[in-house]
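A.B. asks: Sequence and predicted structure are below.
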Amino acid sequence: MSRDRLTRPRRVLLLTHLWCGLSLGFYLVVISVSGSVIVYRNELRAAFQPQPRTVEVTGPRLTEDELIEAGQAAYPQHEVFVYAVPDDPLHAVSLEVNRGESRRQILFDPYTGEDLGNAVPFGWHATTWLIDLHGTLLGGSVGKRINGVAALLFLVLVGSGFVLWWPGARRLLRGLRIEHDRGVRRFLFTLHGTVGALSLALLLLWGITGLYLTFPEPFSAVADWIEPLDEESFEPRFVDDVLYWIANVHFGRFGGGPTKLAWAAFGLAPVALSATGAALWWQRKRHVRSGTRV
């Protein structure tokens, strides 16, 4: 559609949608992929749960000082501490090996002092890293606040996109049709709109619940206004149950396997929206540079 045919409010809405999308594009890919994976974080943690490493009894058990000495010899630039000594004589011991902010747990043979490798599997570390990436962008409280601001912009992006897409009640089904026979741009445009419309409810849900997980105070204030807390009895409130379920809803912790599958699949919708939106923007830039109006 030509810019000349856009009304001023619609042009403002289009620019808002465009710049929100461009500013959040890479962020949405990171959050979407990590979110889809950690829907199954309990299953991943169970699969990668650290297991005891068995050893062969070859002589007297090393003392803690001897174990630390063995660890120090293997990691001379690190501080070494005994982390866990299992009661079972057939299980390896775990030493904590630190260097600056880097901390690792290493298994050692309690009889020979041999380094047996990491106590915590890579999959466990990767799952924990993804959870931290999704929740705080690996930036602690600062990253968590950035997530909150991004969630607010995301809601603006989703809302503006829906208004721009809305074809009217009578043409709703036509608005959901992906047109693949009218050129690449039309295909991308209809694909972008259809994916956004079909995933609209979940996108809004994730934006609102993500905002709550970062900035819970306003939500708690509204809950207290709706149902004031009885400070004499402290009886449970319905609004407290609602707030409790927000986190469960955000991560799909209800309904079992079908819900998790839906959350993981639709969680990738922002990736498709970012990719098609970026492609549409790039095509438009190329046409503007060449003087072609689209």
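C.D. replies: That came through, no problem.
A.B. asks: list the buried ones in stretch 98-117?
C.D. replies: Within stretch 98-117, the residues that count as buried by 16 or more other CB atoms under 10 Å are 104, 106-111, 113, 115. Bear in mind the C-beta positions are built from the backbone N, C-alpha and C, glycine included.
A.B. asks: cool, and stretch 39-46?
C.D. replies: Residues of stretch 39-46 classed as buried by neighbour count (16+ other CB under 10 Å): 39-41, 44.
A.B. asks: And for stretch 47-60?
C.D. replies: Buried residues in stretch 47-60, counted by 16+ other CB under 10 Å: 48, 53, 55.
A.B. asks: Strands along this protein, start to end?
C.D. replies: For the chain, the strands defined by DSSP state E cover 79-84, 93-99, 102-108, 115-118.
A.B. asks: So which residues of the stretch 151-294 of the chain form helices?
C.D. replies: Ranges of helices in the stretch 151-294 of the chain, per DSSP state H, counting those that start in this stretch, are 172-175, 184-198, 200-214, 216-226, 238-250, 257-266, 269-290.
A.B. asks: ok, residue 10 to residue 40 distance?
C.D. replies: Per CB to CB, to the nearest Å, residue 10 is found 41 Å from residue 40.
A.B. asks: ok, now residue 99?
C.D. replies: Using CB to CB, residue 99 is found at 32 Å from residue 40.
A.B. asks: Residue 278 now?
C.D. replies: Using CB to CB, we find residue 278 at a distance of 28 Å from residue 40.
A.B. asks: same deal with residue 238?
C.D. replies: To residue 40, residue 238 is 30 Å away according to CB to CB.
A.B. asks: Could you do residue 227 as well?
C.D. replies: Counting by CB to CB - residue 227 and residue 40 are separated by 34 Å.
A.B. asks: How about residue 259?
C.D. replies: Per CB to CB, residue 259 is found 12 Å from residue 40.
A.B. asks: Name the residues of the lowest-mean-pLDDT helix or strand in the chain that come out as buried.
C.D. replies: The weakest-scoring helix or strand in the chain, judged by mean pLDDT, DSSP states H and E, is helix 269-290 (a mean of 85). By 16+ other CB under 10 Å, the buried positions in helix 269-290 come out as 269-277, 279-280, 284.
A.B. asks: tell me what that helix is packed against?
C.D. replies: helix 8-38, helix 184-198, helix 200-214 (3 or more CB pairs under 8 Å, 6 or more residues apart in numbering; DSSP states H and E).
A.B. asks: Can you give the contact residues for it?
C.D. replies: For helix 269-290, contacts defined as CB atoms under 8 Å, 6 or more residues apart in numbering pick out 18, 21-22, 24-26, 28-29, 31-33, 161, 184-185, 188-189, 191-192, 195-196, 198-199, 202-203, 293-294.
A.B. asks: Repeat that for stretch 207-225.
C.D. replies: 135, 144-145, 147-148, 151-152, 154-155, 158, 237, 239-240, 242-243, 246-247, 249-250.
A.B. asks: Kindly recompute the last result at 7 Å.
C.D. replies: Identification of contacts with stretch 207-225 by CB atoms under 7 Å, 6 or more residues apart in numbering yields 144-145, 147-148, 151-152, 154-155, 158, 239, 243, 246-247, 249-250.
A.B. asks: Going by neighbour count, which of those residues comes out on top?
C.D. replies: When the contacts of stretch 207-225 are compared by neighbour count (other CB atoms under 10 Å), residue 154 ends up highest, at 25 neighbours.
A.B. asks: which residues sit in contact with that one?
C.D. replies: The contact partners of residue 154, taken as CB under 7 Å, 6+ apart, are 24, 207.
A.B. asks: cool, and residue 48?
C.D. replies: Contact analysis of residue 48 by CB under 7 Å, 6+ apart lists 121, 123-124, 127.
A.B. asks: Can you flag the buried ones in those?
C.D. replies: Counted by 16+ other CB under 10 Å, these give 124, 127 as buried.
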